[in-house]
Every structure is written in C-alpha cells, then in structure tokens.
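1. okay, sequence plus prediction incoming.
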Amino acid sequence: MAGRRESPLMRGGGAGPPLSRGSRIAAAVVVGVALGCLCAFLYPDGLFPRAPDSAIHWPRRAELVACDTSREVGRLKSRLVLLERKNAEFKKQINELSMKLQLAGQGKNEALYKAGPFGTVKALRTNPTVIPDLSINPRLANILEQVAVKKELIVALANSNVKEMLEMWFTNIKRAGFSNYLVVALDDNIENFCKSNDVPVYRRDPDDGIDNIGKTGGNHAVSGLKFRILREFLQLGYSVLLSDIDIIFFQNPFDHLYRDSDVESMSDGHNNMTAYGFNDVFDEPSMGWARYAHTMRIWVYNSGFFFIRPTIPSIELLDRVAYRLSHEPKSWDQAVFNEELYFPSHPGYEGLHASKRTMDIYLFMNSKVLFKTVRKDAHLRKLMPVIVHLNYHPDKYDRMKAVIEFYVNGKQNALERFPDGSE
Amino acid sequence: MSGRRESPLMRGGGAGPPLSRGSRIAAAVVVGVALGCLCAFLYPDGLFARAPDSAIHWPRRAECDTSREVAKLKSRLVLLERKNAEFKKQINELSMKLQLAGQGKNEALYKAGPFGTVKALRTNPTVTPDLSINPRLANILEQVAVKKELIVALANSNVKEMLEMWFTNIKRAGISNYLVVALDDNIENFCKSNDVPVYRRDPDDGIDNIGKTGGNHAVSGLKFRILREFLQLGYSVLLSDIDIIFFQNPFDHLYRDSDVESMSDGHDNMTAYGFNDVFDEPSMGWARYAHTMRIWVYNSGFFFIRPTIPSIELLDRVAYRLSHEPKSWDQAVFNEELYFPSYPGYEGLHASKRTMDIYLFMNSKVLFKTVRKDAHLRKLKPVIVHLNYHPDKYDRMKAVIEFYVNGKQNALERFTDGSE
C-alpha cells in the first residue's frame, strides 16, 4: 500500500508485520517455487498431454535371434523341402484311401487297400456295434430308451442282501448328478425299494434258473448272473457300464471313458506295473545261462466295474463267460472273465479276440490303492477319484461311509482308523 | 523499502516505476514460474540423476536383416509340421474307415444271434499286395513261396556253421519254400553255392552296419524292419532263427487263423498257454489273494505272421521302439506290444494271437527238462526243435538230430538240463 506508514500496531488490512523489500522478494520466490513443486507433483507428465515418445510406449519387437543366420536358413530350407515332399506323399495316400472307400465292398477276405508306409498303419480297435434287435425284449427296450443317455447307462444287479449298500449306492449317484443308471432288481423287495426311492429299476420276466440264484444267492453267485443278463442290453444296442453295489460315485464316469475298445475295465492292480502289465522275469538258477525267463503278467480286471460296448466280440465274451460259469461249478466269474479276455488261442482252445483298455487306477480306484497308497500320500489325497470301489475289504459299508466323509465332506482324518488290509 | 515515498520519477536504486504490492507479488510469482520452466527445460530428467528405469536405457538387442527370414521359415515349418500331423491322423482315420467298410461301416450289418452263436473275427483280412515297393524281392518271393507262404531267416557270417545245419535239415524235411536274407557277401555266396534261396537287400547303411557286425540281439532286432516288406507284398512269413532244426514241414501244422502264431518260451501247459498266477499278500487279510494273468513270452525267433494290418502295425511298433529305446530287447518289446491292453497314455495293439503246441514246436527247455526223460513224450516227433535255452547250440543241435533222425536213444544223455 502506498504511503502507509510503518506501524507495528496499525489496525486493519495488513497481513502481518511488514517485511523488508529483500525478504519480501525472497518470500515471493519461495512461494513461486513451492507452487511449481506442487504442480510438478500433481502433474508429473506435464500439464499438457504430450505425444508418447518415451521408449516405454515403443512397440516391442519379437525376440531377435543372434545373427548366425545364413547356415540356419540353409538348414531350415532343406527341412522344409523334406516336409513338403512328405506332405505330398501323404496327400497322395489319402486320395487313394478315399477312392477305395467309395468302391469298398463288404466282408471280403482281402482288405481293400495296401498298407501305407512306416508309421502310418493303424489297426481297428474300436469294433463296429451290432444292429439293435428290439424284438428280443420290447419292455426292456422301452425302459432303456427312457433311461439311457447317448445309448449308455450304468447297470447294477441287486437283491435284498445288499439293500443298505444299494441305498448308499444310488444316493451317491444322485448326488453326483447324472441320471442314466438302472437297477436290475432280483426280488420284489428291492424292486419296491427302488420304486419308492425314485430309482430306475427293471425286473426281468420270471426265469427259474436266474431267479433262484438271484433271490438267495451270495455275492459270487449273483455276480455270475450279470453275464447272462447283460447280453440283452448289448443286443438292444446299448453300451453298459456294469457297476457293483459297493462302489461310490463322485463324478460322472461317462466323462472319463475312452470308448475305443470292446471292454474298458478297472483293474485290481495296486500300481502302474500291476495294473497296466509288466514283464515279470522268472528265475530258475538251475538253467544257468538261460535262467531268466520273461513272462507277461497283469493283475486281473475287476468284473464289478467295466464298460462294455455292444459289439460282436463283447457279446461273444459274455456268452463264453456265461457258458463256462454254468458248466464249471467251482469257477469264479472274475477269473473266467479275465481268462477269456487274456489267453491267446492254443491247441484245443480258440481265444477270444476283443480289444481291451485298462482304466486309470487313480480315477477308478479300488480300495487297496486307496488304503495302502493314496490316503498316505499328500499329493494323491488331493485327487478326486471318479469312483471308489470297496472290493478289497469285507467291511464295505463302514469303509464306504468313511470314504464319503473323506471325499465329500472333506474330513481329512476320516480314513485313519482303518487298517490297510482287514482282520 | 520501508518508508520510501512513492515517486514516479525518483532517481537511483528502483527498477522502474514503483508497483503496487499486489503487482509486485504477481511479478515475483511470474519470475519464479519462469525460473522453474527454465529448469524443467534444461533438465528434463530431473536435477538429480535417477536410476535409469525408463525404457530408453534398456539394452538394445542386435538387429539382423536375415533374422526375419529365419523367423518366417520357422513359422512355415511349424505350419507344415502341423499339417503333416493332420495328414497322418487323416490317413489313420481313413484306414480304419476302410477296414470298417470291409466289415460293414460303424455298425455291423447284422444283429447278434442267440446265445452261443456269436463269433468275432480273429482272422483279419490281408492287405492288398503292393509290388511297387520292392520289385526285385517280389520276383524272388514269387518263385520261392508256396501259397504265398515261406520260411525266412536272417544270417550273417557269425552263424555260418549253424546256418549250414539249418538248411541241410530243411532240405531233408522236404521243404522248398524258404529264404535266407543274407546280411553280408560271405553268407550270400555260401548260400548260392549250396543252392539255398537267398536274398540280399539293397544297401542301406543303418541295416547293413548292424547286419554285418551285430551280435545276435542286434541282428534279431533287424528282422522287424526287414519283414515289413514281405508283408506289404502280401506274403505270410514263418520267421525262423538259425538255431532251429526242422523235422517236419511246419506248414502242415499251422492254423493260420490269427495275425501272429508263435512258439512259446513256456515249459508246460500253464506257463505256455497262460494261467492265473495268484499273488498272495497276507497283510491284506480277507483279500490277500490277488489274481493275475500270466503267460510266458512268445519266442521272437519263431513265429508265423500273416500280412494283415495289425501285423504290419506290430512290426512298425516294435521297429520304432527298438530304434528309440537303446537298451531294449526285441523279444520283450515284441511281447509287450502283443499283450498289454490300452491304458492311460498308451494305445494297445489289437492283434489276434495263437500259441503253438509246445511239443510240436519244441523249445530246448521242454526237450531237456521234460521230454527226454518221459517215455511217452520221447516218442513224439516234433515239427521243430529250437535250441533257444542253451548256449552250446551247435553241439546240442547235432545231438538232437542224432536222437530224432538217426534214432540214437542216448544221444541226449550227456547234456545237463540247463547249462554251465
């Protein structure tokens, strides 16, 4: 203010004690710098948006290789030539195959084509399915049409001896959320039980032979029945996933099948070697130089859980097993089932020729794998199986409950109180 | 300045006409901002050197002209390889379709018959012969084979002595459809001079090296690569090792109903034809017994193989594995491919198999451990005897001929059951 006299105690207007000119200038500079810092802080990239030219915004080039290129180019070019030539050969082969397909006849003694070059030959494993014959059992055909999904379903046989486990069986199936399953009831009790629990059920027409065994038979006898009963299912053109009652389902098994063989079955093996087959070397020291004999060995398929496709070899298998069980009184169906699947022809015997696939032992888990191995391993415990089959233990019901506690309810110590084996 | 009177024309000190206080502050602010802009202009990266984290300072990679070409070539390669794989897949599918067409589409063209009348195909259809793959061999086979079947053996100079015994006995048994695949000149000439049908492959480094110098295991692995051509030409082959004596015509004793019909290394009915080898684990208690399927291996030194798709696939698989698994033994691989079903990560072969009669197609363990000691079995005349279980083959072969051909009943007595 012009002309204002300095006065420390002047009232009004003033902001404070008047400063010297130098300090006023200094104060103003400080204010200015402070304002500038404030701006720099708030707008670090400048007040006006600039065209982004910093390298952060440069488009990144793909990895550039070291410059030893001319030799590499030569190499790559020759590989290319080779591949292109191979490609041309393949194309030619494909053309030939396609033309032959159009001209193909049926069931000749000679296949209608030449074998392709090394590595391109592949034999048929997935045999053709039979034409359905609905006339053999129209009632069953009706039921299957409603129950099956994509012509596949789970089938179990049950009589009153296993009523308790049956309940656990279908309760878990319902919880797992799939609907294509069917109980073949072997007596009235079970038939009514299923109906009252809204479980798809089928009761065969009376048949003395089957019914006697069915009503009163122990587990081995009933087990043998399945091979006679299943035949009709296959003849009607349905693929069957045969299931025992002492099995718990956690996931939909149909999501885990390959469907590329006549029989796809779970194994009784307890590790990769025993389940999938191995060379069990036999030692006979007295033979000296040739003491070691090599043998092919595999643990049997479990005839309580297998997926069977409606093909000619499959039906032949069922027939053979059913025939032998009825003619060899002391035979066990699981043993006969496997022998027919495995033994080649030999003098006096014509072998079956069916394609086989062994199911993954950790997805389709038998109880020996579970109690001897899986429950003790930190990693394997986390795997969720598709099913668990309590085949290796007699106290099935108890263990089944515990298995459900473990896998469904997450109770980590549910399996601890059981020994590996039994007794 | 305190107390200075405002005066427009005051001389000395002042910078100009004295300004109002407000405008002086404003002027100071403008000066400050101008100074700041000057700083920002001169030191755009800040007054203090900061750790260079801007991308401008990132190390620049060497840039080459041809690298772009390499990248282009590589991507073309990837495309081609992918296409190749697709073609292979397509070829497989077509082949399978063709097989189905040969048998009747995805669905068999018939309903299943009643109980006991259903029988699956074991005897697979044979491939159409492709004479173009080896016209020279096709010519030889046309002359040598009988009903498109013949015996084939591989031999190099290591086994010349036994080879002589081999073909001498074949001639004596009256068999004419046999062929020696000579792996070196020596054997080729030896066969020619003895009027033995012989075939020498066109030179092939891979095979020839093993053939000339290889021991028995290496040469044994060769057969799976060599036999393929025979099958492609439409011939059934009875593959024979050199340490085998023929007493009768084997073609009179074959069933011809399977892809592979082979002699066994087993020594009795159970081991040879398969049995349920029950495994006992007492700690499992109630379920201590586990059942297992077990069978002694097929001898890859004597088998009859028909020219079918599964057979050729078998040979391909074995040849592939032998060349990629250095320590593998051909007999083990041969059997594994025949026996193991599909499992996660592996697609099993699907070939039909028949085990030959162990007393007609006799291995030396059966002979020396069992047959020679049994009054009845001694009287059986075998079709062949294979000295596979013993290292002193030549000696034992001579004795076996004495026993079966010349009827010398004690010819076999001096030998032990085993060896060493």
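-> Alright, I've got the coordinates.
2. residue contacts, the nearest residue to residue A:25 once chain neighbours are set aside?
-> Counting by C-beta to C-beta, 6 or more residues apart in numbering or on different chains, residue A:25 lies nearest to residue B:28, which is 6.1 Å off, once chain neighbours are set aside. (C-beta placed from N, C-alpha, C; glycine too.) Residue B:28 is in contact with A:25, A:28, A:29, A:31, A:32, counting by C-beta atoms under 8 Å, 6 or more residues apart in numbering or on different chains.
3. confidence score at the fourth one?
-> Read that as residue A:31. On the pLDDT scale, residue A:31 is placed at 82.
4. ok but it is inside a helix, no?
-> Yes. If the criterion is DSSP: H, G, I helix; E, B strand; the rest coil, then residue A:31 is within a helix.
5. what about the strands in the stretch 151-300 of chain A?
-> A:152-158, A:181-185, A:201-203, A:239-243, A:247-249, A:263-267, A:278-279, A:282-283, A:292-293, A:295-299 (DSSP state E, counting those that start in this stretch).
6. any chance of CSV for these, columns mean pLDDT?
-> Output for the strands of the stretch 151-300 of chain A, formatted as CSV (pLDDT from 0 to 100):
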stretch, mean pLDDT
strand A:152-158, 96
strand A:181-185, 97
strand A:201-203, 96
strand A:239-243, 97
strand A:247-249, 97
strand A:263-267, 97
strand A:278-279, 96
strand A:282-283, 96
strand A:292-293, 94
strand A:295-299, 97
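7. start to end distance for stretch A:115-123?
-> Length of stretch A:115-123, first residue to last, C-alpha to C-alpha, to the nearest Å: 11 Å.
8. now the lowest-mean-pLDDT helix or strand in chain A: how far from the chain's centre is it?
-> Scoring the helices and strands of chain A by mean pLDDT, DSSP states H and E places helix A:208-216 at the bottom, with a mean of 73. Taking C-alpha atoms, centre = their mean, to the nearest Å, one finds the center of helix A:208-216 at 36 Å from the center of the full chain.
9. same question for stretch A:318-333.
-> 32 Å.
10. for that stretch, give the mean pLDDT please.
-> Throughout stretch A:318-333, pLDDT has a mean value of 90.
11. and if you look at stretch A:400-419?
-> Mean predicted lDDT for stretch A:400-419 stands at 95.
12. what about that stretch, start to end distance?
-> Start-to-end span of stretch A:400-419 (C-alpha to C-alpha) is 14 Å.
13. please apply the same query to stretch A:358-369.
-> 15 Å.
14. swap in stretch A:128-148?
-> 20 Å.
15. quick one: distance of that stretch to the chain centre.
-> 27 Å.
16. need the pLDDT of residue A:143.
-> Residue A:143 is given a pLDDT of 97.
17. go on, residue A:377?
-> 95.
18. with the one 10 residues further on instead?
-> Model confidence at residue A:387, given as pLDDT, is 97.
19. how close does it get to chain B?
-> Separation of residue A:387 from chain B (C-beta to the nearest C-beta, to the nearest Å): 15 Å.
20. chain center to stretch A:364-380, what's the gap?
-> On C-alpha atoms, centre = their mean, the centre of stretch A:364-380 falls 17 Å from the chain's centre.
21. same thing with stretch A:401-412?
-> That offset, for stretch A:401-412, works out to 21 Å (C-alpha atoms, centre = their mean).
22. also stretch A:281-289?
-> Its chain's C-alpha centre and that of stretch A:281-289 lie 41 Å apart, by C-alpha atoms, centre = their mean.
23. following the longest helix along chain A, which helix or strand shows up next?
-> The single longest helix within chain A, with elements called by DSSP state H, is helix A:69-103. Next helix or strand after helix A:69-103 toward the C-terminus (DSSP states H and E): helix A:138-147.
24. tell me the angle that following helix makes with strand A:239-243.
-> 90 degrees (axes from the mean of the first three to the mean of the last three C-alpha atoms, to 10 degrees).
25. now the angle between strand A:152-158 and helix A:138-147, please.
-> Using the same axes, to 10 degrees: helix A:138-147 against strand A:152-158 is 120 degrees.
26. OK, now which residue of chain A is nearest to chain B?
-> Proximity of chain A to chain B (C-beta to the nearest C-beta) peaks at residue A:32, 1.9 Å away.
27. can you show me the helices along the stretch 301-423 of chain A?
-> All helices of the stretch 301-423 of chain A, identified by DSSP state H, counting those that start in this stretch, fall at A:312-327, A:333-342, A:367-372, A:396-407.
28. can you give me the end-to-end distance of stretch A:268-279?
-> Note: stretch A:268-279 ends 17 Å apart using C-alpha to C-alpha.
29. so how far is that stretch off the chain centroid?
-> For stretch A:268-279, the distance to the chain centre is 18 Å (C-alpha atoms, centre = their mean).
30. do the same with stretch A:215-232
-> With C-alpha atoms, centre = their mean, you get 28 Å for stretch A:215-232.
31. with just CA atoms, put that stretch into PDB.
-> This file holds the C-alpha atoms of stretch A:215-232, laid out as PDB (Å, rounded to 0.1, in the frame of the first residue of the first chain):
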ATOM      1  CA  LYS A 215     -33.200-114.400  -4.700                       C
ATOM      2  CA  THR A 216     -30.900-116.300  -2.500                       C
ATOM      3  CA  GLY A 217     -27.500-116.300  -3.900                       C
ATOM      4  CA  GLY A 218     -24.500-114.900  -2.200                       C
ATOM      5  CA  ASN A 219     -22.300-112.300  -3.900                       C
ATOM      6  CA  HIS A 220     -20.400-114.700  -6.100                       C
ATOM      7  CA  ALA A 221     -23.500-116.400  -7.500                       C
ATOM      8  CA  VAL A 222     -25.200-113.100  -8.200                       C
ATOM      9  CA  SER A 223     -22.100-111.800  -9.800                       C
ATOM     10  CA  GLY A 224     -22.100-114.700 -12.300                       C
ATOM     11  CA  LEU A 225     -25.700-113.700 -13.300                       C
ATOM     12  CA  LYS A 226     -24.700-110.400 -14.700                       C
ATOM     13  CA  PHE A 227     -23.100-112.100 -17.800                       C
ATOM     14  CA  ARG A 228     -26.400-113.600 -18.700                       C
ATOM     15  CA  ILE A 229     -28.500-110.600 -18.000                       C
ATOM     16  CA  LEU A 230     -26.200-108.100 -19.800                       C
ATOM     17  CA  ARG A 231     -26.400-109.800 -23.100                       C
ATOM     18  CA  GLU A 232     -29.900-108.400 -23.800                       C
END
